[in-house]
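Q: Model the following, please.
(one chain, ligands or ions: 1)
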Amino acid sequence: MLRATLWFLVRLPLLVLIFVVALVMSSCTMLGMNYASLEVDNKAMPAPQLDVAAITSPDGRERNRLMHTFEEVLYGPWPYGMPVSFGDWTMIDPDYLDGRGTLEEVAITVGAGEGARTFHMVTAFPKAAGPVPVVISQTFADSCSVFPDEPVTAADGTVCDGGMMEGFPGWAATQIFGTYIALAPVDRYFDAGLAYASFYASELVPDRRKTAPEVMADMGGPVDPTSALMAWAYGFSAAADALEADPRIDPKEIAVMGHSRHGKAALIAAAWDRRIAAVVAHQSGFAGASLSRSHTGERLDRMAKTYPHWLAPQAQDWLGKLDEIPVDQHELLALVAPTPVFLGNGRRDVWSDPNSSFRAAEAASAVYVADGEPGLTVTGMKGFDPGAGIAWWLRPGGHSMVSEDIDAFIAFLHAHLNHDRLQQTAVTTSK
Ligand code: GCU
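A: Sure thing, here's the model as predicted:
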């Protein structure tokens with residue numbers, strides 16, 4: 001009896017801790033303990049209502065008005081005319097993936113003068129007879145973690161010696177956020193005939209609330225970005241400049257891809273840079289594909305308070321009156337139209353609010369249709385049509401990048417980039 005009591009008392013603090021953690025987790029949507037609602041017909045229509053005829057009109061006036069409003073209210077200006085320059089490719093691995101291709105790197109400079117920013121883009125080129133499509137991934141993790149064991153350049157300019165995803169923190173991050181939260185499964189993109197480019201967003205503008213505004217204000221453009229999302233979106237555009245100039249890449253087949261905050265940036269890039277041929281925006285959430293008027297999940301106000309540097313300073317003025325915000329995110333999707341877009345979601349990722357993202361997609365669909373493209377072809381949140389103009393994807397699980405997401409991304413890219421060159425890819429769409 002005494003031994004049992006002692007056993008219990010010694011472990012009491014641990015038991016209390018487990019109980020408290022379980023209690024917090026059970027009500028914390030961020031940790032994925034709840035399910036997104038699949039009910040979409042019982043909610044308000046996205047507002048403001050889209051004027052489909054005006055937005056698809058060749059005069060471009062409504063498009064320009066909407067872009068201008070997004071710049072005024074949420075993202076600050078697209079850095080029009082900001083210089084982009086790049087040098088030659090450096091060979092990292094001439095026998096990449098057992099000789100299936102090469103791994104190369106290019107330094108890209110954005111801006112002018114002392115405040116110009118240089119980031120490194122690593123690209124895996126498959127061996128191919130002619131130009132190939134490419135997907136540009138913008139990442140949270142440094143390139144050392146995306147391409148472990150390869151001598152690519154680290155954010156501090158030295159050659160990688162280990163990455164951010166090593167040891168226990170890396171293991172824990174992978175358990176929570178999925179195998180591919182950092183790691184790039186390049187062999188699978190090669191199987192689909194795609195080149196794969198990747199860069200670390202923070203090397204362009206650091207993901208830090210204090211330093212990001214200082215760095216952006218000093219970039220030396222005719223117009224400097226005032227939000228990290230806009231700056232990162234411009235990073236996609238700068239990356240596209242460098243790839244477009246390479247004869248191994250088909251300039252008409254440049255796709256962009258990002259997860260979460262980088263999914264937000266990918267959507268913005270596709271709306272402002274019309275060269276982009278397809279967008280994968282995985283779990284982009286608020287200021288991405290989810291409606292600012294939604295009260296579910298993180299909500300725009302909470303996001304903007306935690307990460308003020310992601311948005312332009314004036315966005316703060318709207319946080320107390322989100323029902324009056326002059327633009328909402330179905331209009332961002334309408335600006336992306338008719339460029340094919342993949343909207344990835346997790347059923348337990350309530351934080352990013354899949355439900356309002358689906359409603360935004362439903363509203364924007366008419367713009368695709370008016371442009372002669374299939375819009376959202378599924379009728380419910382559980383369908384998946386990779387060939388649709390808006391390819392909606394909802395899997396079980398939380399905020400992460402897992403193997404079945406990669407299958408879905410590739411199915412989408414395969415359906416929208418040049419079919420003739422791409423081999424058939426097996427697609428698993430298990431639910
Ligand atoms: C936070 C943030 C989200 C964002 C996410 C991410 O969770 O609240 O808005 O999308 O980070 O970038 O992973």
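
Q: By mean pLDDT, which helix or strand of the chain comes out lowest?
A: Lowest on mean pLDDT, DSSP states H and E among the helices and strands of the chain sits helix 2-27, with a mean of 59.

Q: interface residues of this protein facing the ligand?
A: Within the chain, the positions near the ligand by Cβ under 6 Å from any ligand atom are S260, R261, G285, F286, E298, M303, W351, S352. Just so you know, the C-beta spots here come from the backbone N, C-alpha and C atoms, and that holds for glycine as well.

Q: how does it look with 5 Å?
A: Contact residues, the chain versus the ligand (Cβ under 5 Å from any ligand atom): S260, R261, G285, E298, M303.

Q: Run through the stretch 1-150 of the chain and note the low-pLDDT ranges.
A: Residue ranges of the stretch 1-150 of the chain with pLDDT under 70: 1-8, 13-33.

Q: what are the ranges of the strands in it?
A: With DSSP state E, counting those that start in this stretch as the criterion, the stretch 1-150 of the chain has strands at 84-86, 90-95, 101-110, 117-126, 132-139.

Q: Repeat that for the stretch 201-350 of the chain.
A: Under DSSP E, counting those that start in this stretch, the stretch 201-350 of the chain gives strands at 249-259, 278-282, 341-346.

Q: Reformat the ones you listed as CSV; add mean neighbour count and mean pLDDT.
A: CSV is the format used below for the strands of the stretch 201-350 of the chain (neighbours: other Cβ atoms under 10 Å; pLDDT from 0 to 100):
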stretch, mean neighbour count, mean pLDDT
strand 249-259, 23, 97
strand 278-282, 28, 98
strand 341-346, 28, 98
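
Q: want to try a markdown table for those strands, with distance to T153 as columns?
A: Below are these laid out as a markdown table (distance: least, Cβ to Cβ, whole Å):
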| stretch | distance to T153 |
| --- | --- |
| strand 249-259 | 21 |
| strand 278-282 | 25 |
| strand 341-346 | 29 |
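
Q: nearest to I390, of those strands?
A: Evaluated over the strands of the stretch 201-350 of the chain, closeness to I390 peaks at strand 341-346, with 5.6 Å, by Cβ to Cβ.

Q: Now do the closest one: which elements does it pack against?
A: Identification of packing neighbours for strand 341-346 by 3 or more Cβ pairs under 8 Å, 6 or more residues apart in numbering; DSSP states H and E yields helix 261-272, strand 278-282, helix 354-370, strand 390-395, helix 403-416.

Q: The shortest one pairs with which strands, and in what direction?
A: Note on strand 278-282: by DSSP bridges, its sheet partners are strand 249-259 (parallel), strand 341-346 (parallel).

Q: Would you work out how far apart the start and end of stretch 204-211 are?
A: In stretch 204-211, first residue to last residue: 12 Å (Cα to Cα, to the nearest Å).

Q: Repeat that for stretch 324-337.
A: Termini of stretch 324-337 sit 24 Å apart (Cα to Cα).

Q: could I get the strands paired with strand 278-282 as CSV with distance to G115?
A: Below are the strands paired with strand 278-282 laid out as CSV (distance: least, Cβ to Cβ, whole Å):
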stretch, distance to G115
strand 249-259, 25
strand 341-346, 33
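
Q: Throw the helices and strands packed on strand 341-346 into a markdown table and include distance to G162, thanks.
A: Output for the helices and strands packed on strand 341-346, formatted as a markdown table (distance: least, Cβ to Cβ, whole Å):
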| stretch | distance to G162 |
| --- | --- |
| helix 261-272 | 23 |
| strand 278-282 | 26 |
| helix 354-370 | 35 |
| strand 390-395 | 31 |
| helix 403-416 | 24 |
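
Q: Can you check which of the ones you listed gets nearest to L332?
A: Nearest to L332, of all those, is helix 261-272, at 5.8 Å by Cβ to Cβ.

Q: Helix, strand, or coil at S400?
A: Classification of S400 by DSSP: H, G, I helix; E, B strand; the rest coil places it in coil.
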